[in-house]
Structure formats: structure tokens, C-alpha cells
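only geometry, no sequence info:
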């Protein structure tokens, strides 16, 4: 779903009923109060794949333990990385991810589920974009060459990319991972891209890879009046190049044509509005702030050495 500027614009009165005793207002999930329940939607089959920067894998582990989710539900967190050998998927869990991939789209009657005591939907697999191939894809590629009657390609119900602004250089690899799971499936996985402030480093240029991925998983978006202009990857690349040139000219001499700047900035703002669900500082859920940002404090700082050298 592609929303406008703020999640608070879409909150309904009944959303406030979701109980939460945690300091984090979105830490716990309650099916009876969810949007999916109200709309009578069924979750997609398959496990959840979460791709995060390698440096944040430890954060996922520590926060998962703090929430104590595994002690109250059947959901399991697995981390596919060499630094977390004791938390990696077991052989049985790896095989359970192949169950939905057993479907024969040409001959559904020939599809046979692979026996497993583990529900793939209960698995959350966290890894980095770099480790996805070495710790997941290679294993399944080997299984597909053993002559088994099932595909060696895991089926994910959900693919999430967390903190995408930290690793913009991996946008192309993420795109290819998602693309590899789009074909030959009755239902492609749901894709969610989470970021902080895309304009933090290189502005809109860091977001273009995510926009292309959204266009890939939602081809019908090209018919939407707000997104039609951004459905063409060539136009996206052109926007990124113009934005880079604008910033470069500002850094070097501050010289640029006002009309060019207004056009580029206006296009960038339209892109934010069409593709980003923005979380403002004042956004609340369940009566609690989603973010707790301390107030900005400014100080006048002087360097004594400069004052002394100036007197000499």
C-alpha cells in the first residue's frame, strides 16, 4: 500500500483500542485489532525474510530477547550470519521454507507438500544482503541439485529491508533478490522497505533503488496519477542525475538556475508524497509518541586559542 505523508492520516478510532503496556507502542501485535482483521485479509504463506545491515544484526537479537516474543508465541527468530551460529536455521527449518515452493503452477494436482513439523509462517529469518547468498541461497541451490521433487528456491511470504538508508549501495542486490521471488508464484511476497531519513546522505538518490523495487512488486502503480511519472526507471535515473548536479553546483559555487532548482525540488517532493509513509515527530499510536526525540539545545562555543592568536 502506498500512503501519503503521515500514518496519522490513516488511523481510525478503533486503532486506539490496541492494548500495549510496553514503552514501545508498536512492540506487540494483536490480531483482533489489526487492519488485516477488519479487512478480512489472510496473511501470505511463507516465512518472513528481513534484510538488515550486518552491523545491526545484534540489535535485532537484543531487542527480540527484550520483547520476550518467543516465550509467549510460536514465532521464532533466526539470524543467518557467521557471528550468530547458534541462532541459524536448522536443517528442518530450512526445509520447511520449501513447502510453498512445492506448488506446480502448470499441474496443481501434482503439488505435494513436504512433510515438516515446523510452520514456515512462524519463522522470521534475519540476515544481511551480503549474507543472503552465502548463508541461504547457496544452501537451497545445492538442495535443488540433489534430484528431489521440489524446487530449491525458498518461498517467502514477506520480504522486509530494514534501515535501507544505511546501505544504499546494496539497493541493486536487494532488487535482484526480490525479483528472483516474483516469477512462477501464484502470489509474490509482500515487500516492505523501512528507512530513516533518505535525505540524510545523498538526498533522493538514496531512495531511487527502493522506488524501483516498489514499482517491481506493484506494476499496477504505473496507472496511479501520483506515481505514473515515476514508474519509468529511465526518468528516475534522470531525476537522480539532475539532483546530483544541482547539489554539486551548490557546493562549488552556489550557482544554479532557480527554475531548474524549483523543478527538481518539486519533483522530489512529489516523489516523497507518492511513495513514502512519513513518521513525524508528533505522530502518536496508542496514545504514545512513536519517536522520542529530545529537544534541540544550542550553545555558543568559542575557541580561546583563536582569540589569543588574534591578539598577537
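Arrived safely. Here the structure is a predicted model, which is why all the values come from computation and not from measurement.

C-alpha from now on. contacts and neighbour counts both.
OK.

three-state assignment of residue 157?
Secondary structure assignment for residue 157 (DSSP: H, G, I helix; E, B strand; the rest coil): strand.

from what I see, it and residue 44 are in contact.
Yes - counting by CA atoms under 8 Å, residue 157 does reach residue 44; the two are 5.1 Å apart.

looking at these two, which is more packed in?
Using other CA atoms under 10 Å, the more surrounded residue of residue 157 and residue 44 is residue 157, with 22 against 15.

distance check, the closest residue to that one other than its chain neighbours against residue 74.
Of all residues not flanking residue 157 in the chain, residue 46 sits nearest, at 4.2 Å (CA to CA, 6 or more residues apart in numbering). Distance, residue 46 to residue 74, by CA to CA, to the nearest Å: 15 Å.

coming back round to it: who touches both of residue 157 and residue 44?
With contacts taken as CA atoms under 8 Å, 6 or more residues apart in numbering, residue 157 and residue 44 have 189, 190 as neighbours in common.

show me the helices in the stretch 101-250 of the chain, by range?
In the stretch 101-250 of the chain, the segments counted as helices under DSSP state H, counting those that start in this stretch are 129-132, 138-144, 171-180, 208-217, 233-252.

name the residues that touch the particular helix or strand that has residue 50 in it?
Assigned by DSSP states H and E, residue 50 belongs to strand 47-51. Residues outside strand 47-51 that contact it (CA under 8 Å, 6+ apart): 97, 120-129, 155-162.

what residues are up against the nearest residue to residue 187 once chain neighbours are set aside?
The spatial neighbour of residue 187 that comes closest, neighbours along the chain excluded (CA to CA, 6+ apart), is residue 44 at 7.7 Å. By CA under 8 Å, 6+ apart, residue 44 lies in contact with 157, 158, 187, 189, 190.

let's see 10 Å
121, 156, 157, 158, 187, 188, 189, 190 (CA atoms under 10 Å, 6 or more residues apart in numbering).

what of residue 241?
Here residue 241 is in contact with 205, 235 (criterion: CA under 10 Å, 6+ apart).

same check on residue 271?
Residue 271 sits in contact with 204, 207, 208, 211, 226, 227, 229, 230, 236, 265, where contact means CA under 10 Å, 6+ apart.
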